[in-house]
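# Below: sequence and its predicted model.
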Amino acid sequence: MMKTLSLHEYNIHIGSIRKNDIHELIDQGDVSQYFILVDEQTRKLCLPLFLEKTGLDPRAIIEIESGEIYKTIESCQKVWEELISYEADRKALLINLGGGVIGDLGGFAASTYKRGIRFVQVPTTLLSQLDASIGGKVGIDFSGYKNIIGSFNNPIAVFIDPEFYDTLPDRQLKSGFAEALKHALIADQKMWEEIRSTTDLRSLDWIPFLEKSLWIKKEIVEADPLERGARKALNFGHTIGHAIEGVSLESDKPLLHGEAIILGMMAESFIATCKGLLLPEEEREINQFLSFYVDFDFSLKNRALIYDLIKGDKKNEGNRILCTLLHSIGKYAINQEINLEEVEQSLVYLEEQFDLIDA
């Protein structure tokens, strides 16, 4: 059964994609031609299912390379060049089929081509469904900094189909679950308690779960569409998490985004307790549970790069490092200033938790 979450400018459709869903958008929107953006993974694993479900016959399939390291201006150039080669006009439509990189980059490419063409998001990973489906953030990485070039621009629709999870390895599914953990920690203590009883993600009843998690983000984003206040709550775990992710991308063991954010939430929960914001018993509860999802290798040795990335974080103001910290489970505090000494203490804490001090 398809559920619809209505936002001010577009709808999010949750459930199995039906044959006429996207056709109706195309027919009603006076679309001249449409294209599907994929990477080599979604072309192989998701595109056949998507075309079977929708019966679409695109003007062309545009393919970029997969992975965060390809979320670049060069990949955007390839998309623009393909659109130009097919003489795509301002009534063209770009359908972004894939994970977070495809959605962010495809949305940015569409938003800038001929000053903006319309796009549809079809996120195929749990992380991209929970993270990028609401809020209109589109962009690319540049000069080592995540999402530092971009804008706010909404799609005309989002389709979230849990059947794509069958194409995901367990690691990807766990990484995506980090976003649901974040939503619960910042806004819904009851949801946090329900999540803590979840032991098998593959057997989860996804549609009501997705609806509940997305509702949290919808309420926050619609109250603050340009991230000047309450929307900063969604940055919990991201100040330190993005830096850890950035360092890992320079190594031979890159982390998935959600994996880095789990580490970031643990580190920032530790800092919140050190600052007297979060009770020690709540910090222990949070981090004991989050540590269950840390079943991957990582290194925090490159402190210089971690600090540089944190100091260059787009959320900072002047020389002040700002992040979102928890007051308690389900309550947050935005614009909390932290310093590099506190960051260092949190990184040591992570190393001690996972026996990395001498690694």
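Alright, I've got the coordinates.

# In the helix or strand encompassing residue 286, which residues are buried?
Assigned by DSSP states H and E, residue 286 belongs to helix 280-291. Buried positions in helix 280-291, judged by neighbour count with 16 or more other C-beta atoms under 10 Å: 282, 283, 286, 287, 290. (Glycine included, C-beta is placed from N, CA and C.)

# ok, then the element right after that helix?
Taking DSSP H and E, what comes next after helix 280-291 is helix 303-311.

# Can you list the helices and strands that that next one packs against?
Packing partners of helix 303-311 (3 or more C-beta pairs under 8 Å, 6 or more residues apart in numbering; DSSP states H and E): helix 238-248, helix 340-353.

# Show the subsequent helix or strand relative to the shortest one.
Scanning the chain past helix 238-248 towards its C-terminal end, the next helix or strand to appear is helix 257-274 (assignment: DSSP H and E).

# what angle sits between that following helix and helix 280-291?
In terms of direction (axes from the mean of the first three to the mean of the last three C-alpha atoms, to 10 degrees), helix 257-274 departs from helix 280-291 by 170 degrees.

# Quick check: the most centrally placed residue in the chain vs residue 180, distance?
Geometric centre of the chain, nearest residue: residue 131, 3.7 Å, by C-alpha atoms, centre = their mean. According to C-beta to C-beta, to the nearest Å, residue 131 stands 10 Å off from residue 180.

# hang on, the earlier thing: tell me the pLDDT at the residue nearest to the centre of the chain?
Residue 131 carries a pLDDT value of 80.

# As a check, name the ranges of all strands in the stretch 51-200 of the chain.
With DSSP state E, counting those that start in this stretch, the ranges of strands along the stretch 51-200 of the chain come out as 60-64, 93-98, 118-123, 137-142, 145-152, 157-160.

# Lowest average pLDDT across these?
Least confidently modelled of the strands of the stretch 51-200 of the chain is strand 145-152, at a mean of 91 by mean pLDDT.

# Which residues does it contact?
Outside of strand 145-152, the residues within contact range by C-beta atoms under 8 Å, 6 or more residues apart in numbering are 68, 73, 104, 108, 111, 135-142, 225-226, 242, 245-246, 309, 312-314.

# go on, stretch 348-357?
Stretch 348-357 has contacts (C-beta under 8 Å, 6+ apart) with 263, 266, 267, 270, 287, 291, 294, 298, 299, 300, 359.

# And the first one, how close does it get to residue 321?
Read it as residue 263. Separation of residue 263 from residue 321 (C-beta to C-beta): 17 Å.

# and if you look at the third one?
From residue 267 over to residue 321 the distance is 13 Å, taken as C-beta to C-beta.

# and for those two, which residues touch both?
Common neighbours of residue 267 and residue 321, using C-beta under 8 Å, 6+ apart, are residue 343.

# Of those two, which one has the most company?
Neighbour comparison, residue 267 and residue 321: the larger count goes to residue 267, with 28 against 21 (by other C-beta atoms under 10 Å).

# The more buried one contacts residue 345, correct?
No. With contact defined as C-beta atoms under 8 Å, residue 267 does not count as touching residue 345 (9.1 Å).

# does residue 63 really touch residue 35, like I thought?
No. Using C-beta under 8 Å as the test, residue 63 is too far from residue 35 to be in contact (10.8 Å).

# neighbour-wise, which of the two wins?
The neighbour comparison of residue 63 against residue 35 (other C-beta under 10 Å) goes to residue 35, with 23 against 17.
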